[in-house]
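Colleague: all I have is the shape, not the residue letters:
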């Protein structure tokens, strides 16, 4: 939807660039969001508090983007706004970015079920500018928003999507085992045919991977998809539930990067989100059945001399 932010009260509001509506839970939060938007060469339509934001959003004829800046848990006010944003973004009304500290990650992730919302956690200035550029990718953008920066972000997103697709394809092949090509008439394996994997074996791999950071820069080994897969498999074997925040920590990359991997792998059907039945402000992540089977077959094929 190519839509600029226009106000019913001021329909002539500039069409030369898409203004951004900002909602925040404090004056400091509003100011921080405003600096990000203005640094990107975009105009601000309005700055509103959390309680005022849903009504202010509804007065918009259309919107190109909404930035929500959170500093602390504001309870029902925060939940109402996030539900509103999640619904509107899902309907394609506008692009949305929600910036929050790590302590709010589970609460925010539980409300933002629509994958189109860009969630930024503990982001620095570069992360914030990139999140805005990513959110506006595909929407009608002004010339002053750096084409080079947008292209770089689009390339990163395509690379992420391609990498997740590759992982999904590899695991799908593993799920049928190496003999499936030689005997194509065999039925696909059922859950009962999946090899048992010991929790200790998975923990050993995870420990070995973590030890590398003692001797080398952790960034050179960043592999969030594999780290998340291992963490969820370990939790599945131990019959534990993994909240979004814990999975992001296990990914060993910045939370915003981990969230993008999580979103992509969920969209690919590799992960499944489950609402916490006892806490509406928390969501768990688990392996999809096919992904679990593939990982277990992988460990069965690798055997004891495990690579890390």
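Modeller: Here it is on my side, so go on. Predicted model, so just to flag it, every value in this text is computed and none were measured. Numbers count the residues shown, from 1 in each chain.
Colleague: spatially central residue in this protein, please.
Modeller: Nearest to the geometric centre of the chain sits residue 259, at 2.9 Å (C-alpha atoms, centre = their mean).
Colleague: tell me the contacts of that one?
Modeller: Taking C-beta atoms under 8 Å, 6 or more residues apart in numbering as the contact definition, residue 259 lies against 109, 119, 121, 244, 248. C-beta: built from backbone N, CA, C; applies to glycine.
Colleague: so what are the domain limits for the chain?
Modeller: 6-145, 163-174+191-302 (automatic domain parsing).
Colleague: how far off centre is the shortest one?
Modeller: Which is domain 163-174+191-302. With C-alpha atoms, centre = their mean, to the nearest Å as the basis, domain 163-174+191-302 stands 14 Å off its chain's centre.
Colleague: kindly report the same for the longest one.
Modeller: Relative to the mean C-alpha coordinate of its chain, domain 6-145 is positioned 16 Å out (C-alpha atoms, centre = their mean).
Colleague: buried set for stretch 19-37?
Modeller: For stretch 19-37, a neighbour-count test (16 or more other C-beta atoms under 10 Å) marks 19-25, 29-30, 32-34, 36-37 as buried.
Colleague: hang on, I meant stretch 240-249
Modeller: 242-249.
Colleague: do stretch 293-301 as well
Modeller: Applying a neighbour-count criterion of 16+ other C-beta under 10 Å, one finds 293-299 buried in stretch 293-301.
Colleague: stretch 75-83 too?
Modeller: 77-82.
Colleague: how about stretch 122-132?
Modeller: By 16+ other C-beta under 10 Å, the buried positions in stretch 122-132 come out as 123, 127-132.
Colleague: which parts of the stretch 151-300 of the chain are helices?
Modeller: Remark: helices assigned in the stretch 151-300 of the chain by DSSP state H, counting those that start in this stretch are 199-211, 224-238, 244-250, 255-267, 289-302.
Colleague: average pLDDT across stretch 42-50?
Modeller: Here stretch 42-50 scores 93 as its mean pLDDT.
Colleague: now swap in stretch 275-286 and tell me
Modeller: Mean predicted confidence for stretch 275-286 is 93.
Colleague: show the end-to-end separation of that stretch, please.
Modeller: Length of stretch 275-286, first residue to last, C-alpha to C-alpha, to the nearest Å: 11 Å.
Colleague: in this protein, which helix or strand is least confident?
Modeller: strand 6-7 (a mean of 44; mean pLDDT, DSSP states H and E).
Colleague: okay, and for the protein, where does confidence drop off?
Modeller: 1-18, 61-63, 138-192, 304-308 (pLDDT under 70).
Colleague: picking up where we left off before, and the furthest pair within the buried residues of stretch 19-37?
Modeller: Using C-beta to C-beta, the two most remote members of the buried residues of stretch 19-37 are 19 and 25, lying 21.0 Å apart.
Colleague: for the buried residues of stretch 122-132, give me CSV that also has secondary structure.
Modeller: Formatted as CSV, those follow (DSSP: H, G, I helix; E, B strand; the rest coil):
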residue, secondary structure
123, coil
127, helix
128, helix
129, helix
130, helix
131, helix
132, helix
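Colleague: now distance to residue 51 too, for the helices of the stretch 151-300 of the chain, in TSV please.
Modeller: Formatted as TSV, the helices of the stretch 151-300 of the chain follow (distance: least, C-beta to C-beta, whole Å):
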stretch	distance to residue 51
helix 199-211	44
helix 224-238	36
helix 244-250	26
helix 255-267	27
helix 289-302	41
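Colleague: nearest to residue 96, out of the ones you listed?
Modeller: helix 255-267 (13.4 Å).
Colleague: how about stretch 43-56: buried residues?
Modeller: Per 16+ other C-beta under 10 Å, stretch 43-56 contains these buried residues: 44-51, 53-54, 56.
Colleague: so which of those sit within strands?
Modeller: Judged by DSSP state E, strands contain the following of these: 44-49.
Colleague: I'd like those residues written out as a markdown table, with distance to residue 205 added.
Modeller: Formatted as a markdown table, those follow (distance: C-beta to C-beta, whole Å):
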| residue | distance to residue 205 |
| --- | --- |
| 44 | 48 |
| 45 | 50 |
| 46 | 51 |
| 47 | 48 |
| 48 | 48 |
| 49 | 47 |
